[in-house]
Every structure is written in C-alpha cells, then in structure tokens.
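>>> whatever this is, show me its structure:
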Amino acid sequence: MKGSCLSKLRNLAAVLVVGLAVLATPALCQPLSASTQTAIDKAMQASIDSGWTAGGAVAVMRHGKVVFSRGYGMANLETATPATPDTVFRIGSLTKQFTAAAVLALVDDGKLSLDDKVRKYIPELPADDPTTIRQLLTHTAGFTDYVGGPEFDERVKWLPLTTDQLLAHVLSSKPLHRFEPGTQWAYSSSNYAFAGAIVERVSGQPIGVFVKTRLLDPLGMRRTAFDNERAIVPGRASGYDRIKVETSGYINTRTVSMSVPFAAGAMASTVGDLLIWSDALHHGRVLKPDSYRQMTTPAKLNDGSQASLVRPDGTRKVIGYGLGLSVSGDPAAPELAHDGAIDGFTAMMTTLTGPDAVLTVLVNTSPSEHLAFGGVIAAFKAEVAPPKAANAPPN
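Numbering: from 1, shown residues only. Purely as a prediction, here's the structure:
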C-alpha cells in the first residue's frame, strides 16, 4: 500500500511538471491575435472581391506550431470548389530552394562539391567554361535566362521536353553567358536547369523522384511534388489569368508543360506542407549544419565582395541571396524568403528565424500588383516581429 501511494504521488508530480511546462510556454501554441487574423482576412478578401485573385490559402507557423491556416475564394471557378489550406497550388520559383537542397544533400553524401565545375557533370558546355555549381545556385553564373522571349513564349513552354532537350535549348542561348561567372549577380532559371540536370546525373534518378524520396517523404510532405500537367492530382487548383479589360473576370491559364520549368519552377504544394518544409530545413532536419549555413549565407563574388546586380546605368545594387533563398537582416537570425510565379499561380514564403515564424501564401492567379501579398506580410510581421522602439533596451 505504501509503495502504491508513493507511485501515485510520483505520477501526480509528473503531471504537475508537465502542466507547469505547458503553462510556462503558452505563446508557442497560441493562435495569431484576432486583429492579425482580421487583417489577413481583409487583405485576401479585398483582392478576391476586386477580381484580382480567384482563390488562395495562407498559413503561419510559430515555434513549430501551426497558428493560422485558412483558404479564400475558389480553387476552381467552374465547379465552384472553394480553396482550402489543403488545396494544391503550383509554387513556381519556390522550387529553387528544393533543388538547392537536393544538390546540398548530394554534397552531404560526398557525391559532389559546390566548387566542382559544372562541366564535370554537363560536358555539353564549352570545354573552357569555368562555372561552378555554387555559382549556379547563387545566380552568379551569368547564364542567359532561357525563360522569356518570343520563341519561349510561343513554342518552347508548351512542349514536353526531356532534360537533355531542355539543356539543349538552354545551351542554344546567344550569348551563353551575360557576364563572366562570379563577377556579378543576375537571376536566371538557366542556373537551376543545369542544377537539376546535375542532380539527375549524379543520383541516377529523375529529380522529382530524388526530391520525393530524399527530402519530402521523410518529412511526411504527401501533397508536394514536381507537378505533371497530365497527372490526376486530388485537390489541385486550376490556374487563372485576369482579363485585362475594364470588366473584371478570368480566363483559364493555358497549361504549360511542367517539363520546361523543371528544377527552376515545376513543383506544387500546399501552405501546410511548405510550413513543414521550412521548419524542418531551419531546424536541422534536412541538411547537415555546414550545408545549411552555406544555403543561408549571402553569396560573394570572385573578388570577395557581396553579390551585386549591375544596373543599366552601371551602378551596383548589393543582393542578399544564398543557395535558392533570399537572405536579409541580421546575419545571426536572418529573414529567408522567396517568391514564385508561373502561369496562373503566384507564391510566397518567408521565414523569420529570430522569432521562429514562417508565413506561406499561395494563390491560383497570375502575378499582379493587386494581389494581397503585401498586406498579408505586413500583418504577419507586425505581430511576430514588431519594430522596436528607438529607445527600447536590448533583450
């Protein structure tokens, strides 16, 4: 009997300890404030009501807990299917961070180095091409962007291409390089076409298979994949363009062959899955510490200066870009972000590593200045990272 009472007391103590721990950290499980939720709702609904957004979803995570997740408008206008947090949207160039992580996973496996010459894996390049894999991922390689231009818009983007056929198109660019690798910064999807081909040639798998098995499946990201326009994808949103006339309205976006955006922009996901990804990536569950450090450190040029974009007038603008991610703010706790845009869809994800908070916004409408992203981001940051007063004491 005495032992039984002692056991009960111990169990009670354990319950009290757990209870106290929960009480000590209430903010970790608290939803966003009512005012922030209202601000996000208003921003999204205003864009829908004004006819600039067909549908979308927003989600927020704080300290590993989902504190906001909501759908808006329609995933499909013809069937009146509402958009929800589980709706699958194309994410455009948010794909680039997954491709960068795939390359870094191969680095972690000892199968390649960021400082390897690209030509080691893409022998189709000229024999004297000096570009490194690191320069691909940081957009300092100088390759002319294969996306855009009359031939691309009228013919190439609709074609089902193999990786080799896509590379042949990229390699046909004149000039191949806009500038000497490592001397400046310029965003180019060609860099990630090469990076995706390297992943395939080193791993021996299509990039979609490698990313799924190596990165997504271990995290339980069941609704994220390299998209295929012909596949049946439950819950996938339809993409829309707004009619550019005074009368508001939409048209169905013409379906792009997803083999063309490839490793630069072919993935689809949900707001919830993207929260899982960001949380895992930034808490060491995807890459080794050194690879993550390199991914989230702003790129440098050959002369050791931070990467910079050369403007038309010859002046330079310093750019904070790591490997597949924009990097800004305090180097010890940076803000990491990326946008995505592909026919019929616009995406955004930002991670504030200091307050440990992630925001994802996905919509099924092509980009415009009338989307709600600015208002949603402002509401998010006002709560999770409010500006400090000028005379506020240090933490």
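>>> low-confidence ranges, the protein, go.
Applying pLDDT under 70 to the chain picks out residues 1-29, 244-248, 388-395.
>>> which parts of it are strands?
Secondary structure of the chain (DSSP state E): strands at 55-62, 65-76, 81-82, 89-90, 225-226, 240-242, 250-252, 267-269, 308-310, 316-318, 326-328, 335-342, 345-352, 357-363.
>>> leaving out chain neighbours, which residue sits closest to the spatially most central residue of the chain?
Centroid-nearest residue in the chain, with Cα atoms, centre = their mean: residue 94, separated by 2.8 Å. Computed as Cβ to Cβ, 6 or more residues apart in numbering, the closest residue to residue 94 that is not its neighbour in sequence is residue 340, at 4.1 Å. In short, each C-beta sits where N, CA and C put it, glycine included.
>>> list the beta-bridge partners for that neighbour.
Residues in a beta bridge with residue 340, per DSSP bridges, are residue 347.
>>> begin at 341, not 1, for the rest of this chat.
Taking 341 as the first residue, the last one we looked at is residue 680.
>>> do you know how far it is from residue 523?
Separation of residue 680 from residue 523 (Cβ to Cβ, to the nearest Å): 27 Å.
>>> then residue 683?
Residue 683 is 32 Å from residue 523, by Cβ to Cβ.
>>> is the closest residue to residue 720 other than its chain neighbours bridged to anything, and to what?
In this structure, residue 720 finds its nearest non-sequential neighbour in residue 699, 4.6 Å apart by Cβ to Cβ, 6+ apart. Legend: beta-bridge partners of residue 699 under DSSP bridges are residue 400, residue 690.
>>> next one: the one 4 residues further on
Beta-bridge partners recorded for residue 703 (DSSP bridges): residue 396, residue 686.
>>> residue boundaries of the helices in this protein?
Taking DSSP state H, the helices of the chain run over residues 342-364, 374-389, 435-448, 473-477, 490-494, 503-511, 529-543, 547-551, 602-605, 611-622, 629-635, 713-724.
>>> among those helices, which is the most enclosed?
Across these, the average number of neighbours (mean count of other Cβ atoms under 10 Å) peaks for helix 602-605, which reaches a mean of 28.
>>> and that one, what does it pack onto?
In terms of contacts (3 or more Cβ pairs under 8 Å, 6 or more residues apart in numbering; DSSP states H and E), helix 602-605 is packed against helix 435-448, helix 529-543.
>>> rerun at 10 Å
If you count contacts as 3 or more Cβ pairs under 10 Å, 6 or more residues apart in numbering; DSSP states H and E, helix 602-605 packs onto helix 435-448, helix 503-511, helix 529-543, helix 547-551, strand 675-682.
>>> ok and the third one relative to helix 503-511, angle-wise?
By that I understand helix 529-543. 150 degrees (axes from the mean of the first three to the mean of the last three Cα atoms, to 10 degrees).
>>> then the last one?
Regarding strand 675-682 and helix 503-511, their directions subtend 100 degrees when assessed with the same axes, to 10 degrees.
>>> CA atoms only for strand 675-682 - export them in CSV, please.
Only the C-alpha atoms of strand 675-682 are listed here, as CSV (Å, rounded to 0.1, in the frame of the first residue of the first chain):
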residue,chain,number,x,y,z
GLU,A,675,15.0,36.6,-42.8
LEU,A,676,14.9,33.9,-45.5
ALA,A,677,12.4,34.2,-48.3
HIS,A,678,11.5,33.5,-51.9
ASP,A,679,8.7,34.3,-54.3
GLY,A,680,7.3,32.1,-57.1
ALA,A,681,5.4,32.9,-60.2
ILE,A,682,4.3,30.6,-63.0
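>>> buried ones in stretch 663-679, by neighbour count?
Buried positions in stretch 663-679, judged by neighbour count with 16 or more other Cβ atoms under 10 Å: 663, 664, 665, 666, 667, 674, 675, 676, 677, 678, 679.
>>> which residues touch the closest residue to residue 371 other than its chain neighbours?
If the residues on either side of it in the chain are set aside, residue 371 comes closest to residue 407, at 4.9 Å by Cβ to Cβ, 6+ apart. Counting by Cβ atoms under 10 Å, 6 or more residues apart in numbering, residue 407 touches 367-373, 376-377, 399-401, 615, 697, 723-724.
>>> how about a cut-off of 7 Å?
Residues near residue 407 by Cβ atoms under 7 Å, 6 or more residues apart in numbering: 370, 371, 372, 400, 401.
>>> straight-line length of stretch 511-522, end to end?
Start and end residues of stretch 511-522 are separated by 19 Å (Cα to Cα, to the nearest Å).
>>> please name the nearest non-neighbouring residue to residue 398.
Of all residues not flanking residue 398 in the chain, residue 701 sits nearest, at 5.2 Å (Cβ to Cβ, 6+ apart).
>>> and that neighbour, how close does it get to residue 429?
Going from residue 701 to residue 429 by Cβ to Cβ gives 10 Å.
>>> who has more neighbours out of these two?
Here residue 701 and residue 429 are compared on neighbour count by other Cβ atoms under 10 Å; more neighbours surround residue 429, at 32 against 27.
>>> could you report the neighbour count for the nearest residue to the more buried one once chain neighbours are set aside?
In space, residue 429 comes closest to residue 702 once its chain neighbours are excluded; the distance is 4.0 Å by Cβ to Cβ, 6+ apart. Counted by other Cβ under 10 Å, the residues lying close to residue 702 total 31.
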